[in-house]
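S.K.: would you be able to build a 3D model of this:
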Amino acid sequence: MTSLVIAEHDNASIKSATLNTVTAALACGGDVHVLVAGENAGAAAQAAAQIAGVAKVIHADGASLKDGLAENIAAQVLAIASNYSHILFPATASGKNAAPRVAAKLDVAQISDITKVDSADTFERPIYAGNAIATVQSSDKIKVITVRGTGFDAAAATGGSAQVEQLAAAGDNGKSSFVGREVTKNDRPELTAAKIIVSGGRALGSSEKFNEVMTPLADKLGAAIGASRAAVDAGYAPNDLQVGQTGKIVAPQLYIAAGISGAIQHLAGMKDSKVIVAINKDPEAPIFSVADYGLEADLFQAVPELVQSL
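M.R.: Numbering: from 1, shown residues only. Got it, this is the predicted structure:
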């Protein structure tokens, strides 16, 4: 029994979500192989070989794989899928794009967004915005899985010494083409990988107040900035800062929620955080039910005082 992890990378380095997926693959039992598919991605393949627990890295290099088009990545996975009992993707935008194509071509049921491996054929995944946990058992010969990174500790990025095996790249199937990519430039840590996140809600009242109150706190803590869906919908913060069921799923060491009531859809995205601090003047706010520390106070007074104290 051998598992294949589809690495997420930028052709130079391995993204952190891959490390969590390796941990999930190790829990399935047997050896773990990692597929690095890209163009001029030798550095990423070498980085994958250093991940603790990885037995082999399969490096497919070609122009068709440069931009991670889902159709071409899926074709590359399908070329070797019969060698594996489990095929695991990070539950990221790119993983969720390619995994269903692989499952459909293999005629198996995809097991989505797992947070725990009970055994080689049984997995746990959240449903109903995390209010219930479903235990799913699969009898498919090949199990195609997406892994929620917050459910698993990251494997050590160093300490491994896997061999790197070269594999011919799958050709471009011509069904899609890469046009361009606009990447948001941010000096702060990436939201899904940050150890500290400070998030603001609709109570901030405007984009000006959002920046005025939250930015100094984030600067003091070296934190990423997040926002509730209500704040994003109101235009106080850009969409890429949204934390929640329809935004980004995060689990930092410290999560500070200021002026966030704690709707179910927001809690689904952050309740696995190690320490949760809530600042809200409503004592009945649902956010207090998941908070480790709660401060019933006006955020416009409490947050600046917190910044001064740090």
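S.K.: can we go C-alpha only for contacts and neighbour counts from here?
M.R.: Will do.
S.K.: quick one: contacts for His33?
M.R.: By Cα atoms under 8 Å, 6 or more residues apart in numbering, the residues touching His33 are Thr2, Ser3, Leu4, Val5, Val54, Ala55, Lys56, Val57, Ile58.
S.K.: so can I have CSV of these showing secondary structure, neighbour count and pLDDT?
M.R.: What follows is those, written out as CSV (DSSP: H, G, I helix; E, B strand; the rest coil; neighbours: other Cα atoms under 10 Å; pLDDT from 0 to 100):
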residue, secondary structure, neighbour count, pLDDT
Thr2, strand, 17, 94
Ser3, strand, 27, 96
Leu4, strand, 28, 97
Val5, strand, 27, 97
Val54, coil, 26, 95
Ala55, coil, 19, 95
Lys56, strand, 20, 96
Val57, strand, 27, 96
Ile58, strand, 23, 96
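S.K.: residue boundaries of the strands in the stretch 151-300 of the chain?
M.R.: Taking DSSP state E, counting those that start in this stretch, the strands of the stretch 151-300 of the chain run over residues 163-168, 196-200, 224-227, 254-258, 275-280, 293-296.
S.K.: just those: most buried one?
M.R.: strand 224-227 (a mean of 28; mean count of other Cα atoms under 10 Å).
S.K.: which residues does it contact?
M.R.: 188-191, 194, 196-201, 214-215, 218, 237, 241-243.
S.K.: list buried residues within the residues you listed.
M.R.: Neighbour-count burial (16 or more other Cα atoms under 10 Å) is assigned, among these, to 191, 194, 196-201, 214-215, 218, 237, 241-243.
S.K.: of all pairs in the residues you listed, which one is the farthest apart?
M.R.: Longest distance between any two of those is 18.9 Å, between Ala194 and Gly201; criterion Cα to Cα.
S.K.: hmm, back to that, for the buried ones among the contacts of strand 224-227, which one is nearest Phe152?
M.R.: Nearest to Phe152 among the buried ones among the contacts of strand 224-227, counting by Cα to Cα, is Ala194 at 15.3 Å.
S.K.: pLDDT at Met1, what is it?
M.R.: On pLDDT, Met1 comes in at 86.
S.K.: does it touch Asn83 like I think?
M.R.: No - using Cα atoms under 8 Å, Met1 is not in contact with Asn83, being 9.1 Å away.
S.K.: which strand or helix spans the residue nearest to Val54 when sequence neighbours are not counted?
M.R.: Spatially, and ignoring its direct neighbours in sequence, Val54 is nearest to Val32 (5.2 Å; Cα to Cα, 6 or more residues apart in numbering). Taking DSSP states H and E as the criterion, Val32 maps to strand 31-38.
S.K.: that strand - what's its average pLDDT?
M.R.: 96.
S.K.: what strands line up against that strand, and which way round?
M.R.: Next to strand 31-38 in the sheet, as set by DSSP bridges, lie strand 2-6 (parallel), strand 56-61 (parallel).
S.K.: list the contacts of the helix or strand just after the last one.
M.R.: Remark: after strand 56-61, the chain's next helix or strand is helix 70-78, criterion DSSP H and E. Residues from elsewhere that reach helix 70-78, judged by Cα under 8 Å, 6+ apart: 37, 60, 64-65, 94, 97-99, 101-102, 105-106, 169-173, 175-176.
S.K.: how much does helix 70-78 deviate in direction from strand 163-168?
M.R.: Helix 70-78 runs at 120 degrees relative to strand 163-168, counting by axes from the mean of the first three to the mean of the last three Cα atoms, to 10 degrees.
S.K.: dump the residue contacts of Val147.
M.R.: Taking Cα under 8 Å, 6+ apart, one finds Asn20, Thr21, Ala24, Leu88, Phe89, Pro90, Ala91, Ser112, Asp113, Ile114, Thr115 in contact with Val147.
S.K.: and if we set it to 6 Å?
M.R.: Thr21, Pro90, Ala91, Asp113, Ile114 (Cα atoms under 6 Å, 6 or more residues apart in numbering).
S.K.: please apply the same query to Asp113.
M.R.: When contacts are counted by Cα under 6 Å, 6+ apart, Asp113 touches Arg125, Thr146, Val147, Arg148.
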